[in-house]
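>>> Kindly generate the corresponding structure for this input.
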Amino acid sequence: MTDYTDTIRSFIENEMAGPGPKVTLSPSDSLIDKGIVDSLGVQRLIAYLEKEFGVQIADTEIVPEHFETISAVAQFINWKLTAKE
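This next block holds a predicted model:
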């Protein structure tokens, strides 16, 4: 199983954290509680994940537990890629 945590963290920290000082997140930080991911942020993150990893994310898979933390997103992507094989 490949660990995509650093790739996903880099995108979130550099592209989604907003203007201002650089944000550094741990894999277990809540993206929702920190205000990094809201409803529009989830859509932006999904577009990135679909393009970067070549997966399709169904509407039924857009649930908070898949997008709560960087670690959860990485596990979800691993599951999607494994299911795709």
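>>> Please count neighbours and contacts with C-alpha atoms only from this point.
Noted.
>>> what residue lies at the spatial centre of this structure?
Among the residues of the chain, the one closest to the centroid is Val73, at 4.4 Å (CA atoms, centre = their mean).
>>> Using the three-state scheme, assign that one.
Assigned with DSSP: H, G, I helix; E, B strand; the rest coil, Val73 falls in the helix class.
>>> In the protein, where is pLDDT below threshold?
1, 19, 85 (pLDDT under 70).
>>> those strands in it, which residues are they?
For the chain, no strands turn up when DSSP state E is the criterion.
>>> The residue nearest to the centre of the chain reaches His66, doesn't it?
Yes - with contacts counted by CA atoms under 8 Å, Val73 reaches His66, the gap being 5.5 Å.
>>> can you give me the helices for this protein?
5-11, 39-53, 64-67, 70-84 (DSSP state H).
>>> could you dump the ones you listed to a markdown table with distance to Gly18?
What follows is these, written out as a markdown table (distance: least, CA to CA, whole Å):
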| stretch | distance to Gly18 |
| --- | --- |
| helix 5-11 | 12 |
| helix 39-53 | 11 |
| helix 64-67 | 18 |
| helix 70-84 | 17 |
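>>> so Val37 sits right up against Leu31, yeah?
Yes - under the criterion of CA under 8 Å, Val37 makes contact with Leu31 at 5.5 Å.
>>> overlap in contacts of these two?
With CA atoms under 8 Å, 6 or more residues apart in numbering applied, the contact sets of Val37 and Leu31 do not overlap.
>>> how close does the nearest residue to Tyr4 once chain neighbours are set aside get to Phe67?
Distances taken as CA to CA, 6 or more residues apart in numbering place Ala74 nearest to Tyr4, at 5.4 Å, with adjacent residues excluded. Applying CA to CA, to the nearest Å, the value for Ala74 to Phe67 is 9 Å.
>>> any common contacting residues for these two?
With CA under 8 Å, 6+ apart, Ala74 and Phe67 have no common neighbours.
>>> Run a quick neighbour tally on the spatially closest residue to Val23 that is not a sequence neighbour.
Take Val23 and drop its neighbours on the chain: the residue closest to it by CA to CA, 6+ apart is Glu13, 5.8 Å away. Neighbour count of Glu13, defined by other CA atoms under 10 Å: 15.
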